[in-house]
Each structure stands twice: as C-alpha cells, then as structure tokens.
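Enquirer: Below are the sequence and a predicted model; questions follow.
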Amino acid sequence: MTRRDGEALVLMSQREAEGRARLLEFAAQLITVTLDDNGSLAERMSKAFPWMLALSPADRDTCAQNLVDAARASFSTDQPHLAIAELTSWKETATAIAAGLGRTDLEWLDGDDVVERP
C-alpha cells in the first residue's frame, strides 16, 4: 500500500510487532554485554540476565553461547522467535532450578519392575 507521501506502508500483526520489540530489547542487552570486557561471556551475561546465576557454571557457559547463537540466527533470518524461544527456555530452566526442581534424588526402576496403576 502506498501513502500520499509515496512511502510504502507495512502492516504486521501484534504478535510480530511484539516479537520484533522483544528481539530489539534482547539485542540491546547483548550489545551491553559485548561492551563489557571484564570476565567471561557467561559472567558478563549473568550481569545482564541475573536469573542465569541459578544455573551451574557449566550451564551458564552453555546458556551464554546458546543465546548468542540464537540471536545471530534470529538477526540473520529475520525470525525473532528463535532468540526469544531460546531466552525463554533458559530463563524457565533457571526459574525451575531456583524453585528447587531437579534437586530430588530420582528412584530409577529396573526394566523388570512393575508399577501398579493408581
């Protein structure tokens, strides 16, 4: 559609607009992380995303790299959902760990064990 001033008008859904806004917010946080030169990538990202502190040090490293990779994929393909899904997944994992989920010792059943129906 062309407006009177000759500039093209683009319409998008509310979901698309929110996805782009969230991706831009995420990009701003990543830029802040890259400008900081103190510590590893995971340490710098933990400052921008304090929920990462609930993860183990090894998981923080993995999370940091996964988030950067997902952001690069999102930016290069114009698909905001890639980065936002990765961010949401890691944040929910950290939240579950902080809530104590995953600390319970699991009792594994042998292949021969039968579990009665409740």
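Expert: Cool, the structure landed. Numbers count the residues shown, from 1 in each chain.
Enquirer: Any stretches of this protein with poor pLDDT?
Expert: Where the chain drops to pLDDT under 70, the residues are 1-3, 103-106, 118.
Enquirer: can you tell me which residues contact the most centrally placed residue in it?
Expert: Central residue check for the chain by C-alpha atoms, centre = their mean: the C-alpha nearest the mean position is that of Leu87, 0.8 Å away. Shown in contact with Leu87 (C-beta atoms under 8 Å, 6 or more residues apart in numbering): 26, 67, 70. (C-beta placed from N, C-alpha, C; glycine too.)
Enquirer: Out of the residues you listed, list just those in helices.
Expert: Among those, the ones falling in helices (DSSP state H) are 26, 67, 70.
Enquirer: Of these, which is the nearest to Leu82?
Expert: Closest approach to Leu82 among those (C-beta to C-beta): Ala70, at 5.2 Å.
Enquirer: for the chain, what spans make up the helices?
Expert: Using DSSP H, helices in the chain cover 14-35, 41-48, 57-77, 80-98.
Enquirer: among the ones you listed, which is the most enclosed?
Expert: Comparing the helices of the chain by mean neighbour count (mean count of other C-beta atoms under 10 Å), helix 41-48 comes out on top with a mean of 18.
Enquirer: Extract the CA atoms of that helix and return them as CSV.
Expert: Once non-C-alpha atoms are left out, helix 41-48 reads as follows in CSV (Å, rounded to 0.1, in the frame of the first residue of the first chain):
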residue,chain,number,x,y,z
LEU,A,41,30.9,-14.2,28.3
ALA,A,42,28.9,-16.2,30.8
GLU,A,43,30.0,-13.9,33.6
ARG,A,44,29.1,-10.8,31.6
MET,A,45,25.8,-12.2,30.5
SER,A,46,24.9,-13.1,34.1
LYS,A,47,25.1,-9.4,34.9
ALA,A,48,22.6,-8.6,32.2
